[in-house]
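1. Sequence and computational prediction follow.
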Amino acid sequence: GQQVMQIPQYQHVQEGEDFTTYCNSSTTLSNIQWYKQRPGGHPVFLIQLVKSGEVKKQKRLTFQFGEAKKNSSLHITATQTTDVGTYFCAGGTGANNLFFGTGTRLTVIP
Amino acid sequence: DAGITQSPRYKITETGRQVTLMCHQTWSHSYMFWYRQDLGHGLRLIYYSAAADITDKGEVSDGYVVSRSKTENFPLTLESATRSQTSVYFCASTGRGGTTGELFFGEGSRLTVL
């Protein structure tokens, strides 16, 4: 069945260091979304990528969608304590379901 | 703007009891979803609904029942709760079909089955 794998599961970084999480799908995706969940909170939508090879930026966050539309990454430059949380990718296949990755929990050490 | 609300936020029940988790949204979104979140599994879809009176199973639907008599409400019922259903449950909605719409999540309902 459809699987979306996400690595790493955990990441501890010193404040100011960069952070990257990777998402890989077993099948070609129609789109990919990224969500952030703060500790004790609910997932909040960050962005959606649709096109092959697409790159989008939001301030210090850079999102990429692979050429084959099977993988994606989220890169945060110069992390801040406000970046703490779990980042989820969610792959769409065209049907009414998004397959969520297992998430990467980011800890930022001040 | 109330958005999407879930109740109860916390629930403790016993094995074999029936439990209903409520979800209400004020945006008139067509699509609504129920996910469960467990450590190491991310978010897994239980059920979704494309409109009132239209529901469909997700990847982990066994032991759960949903209904959608009104667009704004999407209750999730555990007919006979089991310990494996201890989890955090999130309701979500979107106004766009398929998987192209941004999902708006409720605050979550933390369920413990003893």
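-> Structure's in. What do you need? Residues are numbered from 1 along each chain as shown, chains lettered A, B, ... in the order given.
2. Please report the confidence value the model assigns to the closest residue to chain B within chain A.
-> Residue nearest to chain B within chain A: A:G92 (2.8 Å; Cβ to the nearest Cβ). In this view, the C-beta of every residue, glycine as well, is placed from N, C-alpha and C. What the model reports for A:G92 is a pLDDT of 88.
3. Pull the number of nearby residues for it.
-> A count of neighbours around A:G92, defined by other Cβ atoms under 10 Å in any protein chain shown, yields 21.
4. Surely it touches A:T27?
-> No: the pair A:G92 / A:T27 is not scored as a contact, 11.0 Å apart, by Cβ atoms under 8 Å.
5. quick one: strands adjacent to the helix or strand of chain A with the lowest mean pLDDT?
-> Sorting the helices and strands of chain A by mean pLDDT, DSSP states H and E puts strand A:98-100 at the bottom, at a mean of 87. In the sheet containing strand A:98-100, its partner strands are strand A:85-92 (antiparallel), by DSSP bridges.
6. looking at the sheet around the nearest residue to A:T62 once chain neighbours are set aside, what are its partners?
-> Computed as Cβ to Cβ, 6 or more residues apart in numbering or on different chains, the closest residue to A:T62 that is not its neighbour in sequence is A:H75, at 4.5 Å. With DSSP bridges as the criterion, A:H75 is bridged to A:T20, A:T62.
7. Tell me who's in contact with A:H75.
-> Neighbouring residues of A:H75 by Cβ atoms under 8 Å, 6 or more residues apart in numbering or on different chains: A:D18, A:F19, A:T20, A:L61, A:T62, A:F63, A:Q64.
8. can you pull the buried residues of stretch A:18-30?
-> Buried residues in stretch A:18-30, counting neighbours by 16 or more other Cβ atoms under 10 Å in any protein chain shown, are found at A:F19, A:T21, A:Y22, A:C23, A:N24, A:S25, A:L29.
9. Now tell me what touches the least confident helix or strand of chain A from outside.
-> Counting by Cβ under 8 Å, 6+ apart, A:2-4, A:25, A:33, A:35, A:88-93, B:35, B:42-45, B:99, B:103 sit against strand A:98-100.
10. Ok, stretch A:20-30 next?
-> Contact with stretch A:20-30 is made by A:2-8, A:11, A:32, A:50, A:68-76, A:87, A:89, A:91-94, A:99, A:101, A:104, A:106, B:98-100, as judged by Cβ under 8 Å, 6+ apart.
11. what about 7 Å?
-> A:2-7, A:32, A:68-75, A:87, A:89, A:91-94, A:101, A:104, B:99 (Cβ atoms under 7 Å, 6 or more residues apart in numbering or on different chains).
12. can you list the residues of chain A near chain B?
-> With Cβ under 7 Å from any Cβ of the partner chain as the criterion, chain A comes near chain B at residues A:30-31, A:42-43, A:45, A:48, A:88, A:92-98, A:100-103.
13. so the one residue sitting closest to the centre of chain A bridges to which residues?
-> In chain A, the centroid-proximal residue (Cα atoms, centre = their mean) is A:C89; its distance is 4.2 Å. For A:C89, the beta-bridge partners are A:W34 (DSSP bridges).
14. hmm, back to that, just the buried residues out of the residues of chain A next to chain B, in PyMOL syntax.
-> The buried residues among these can be selected in PyMOL (16+ other Cβ under 10 Å) with this line:
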select buried, chain A and resi 31+42+43+45+48+88+92+93+96+97+98+100+101+102+103
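15. For the residue lying closest to A:G94 once chain neighbours are set aside, give me phi and psi.
-> Once flanking residues are discounted, A:G94 sits nearest to A:S30: 4.6 Å by Cβ to Cβ, 6+ apart. When read as degrees, to the nearest 10, the backbone of A:S30 gives phi -80, psi -30.
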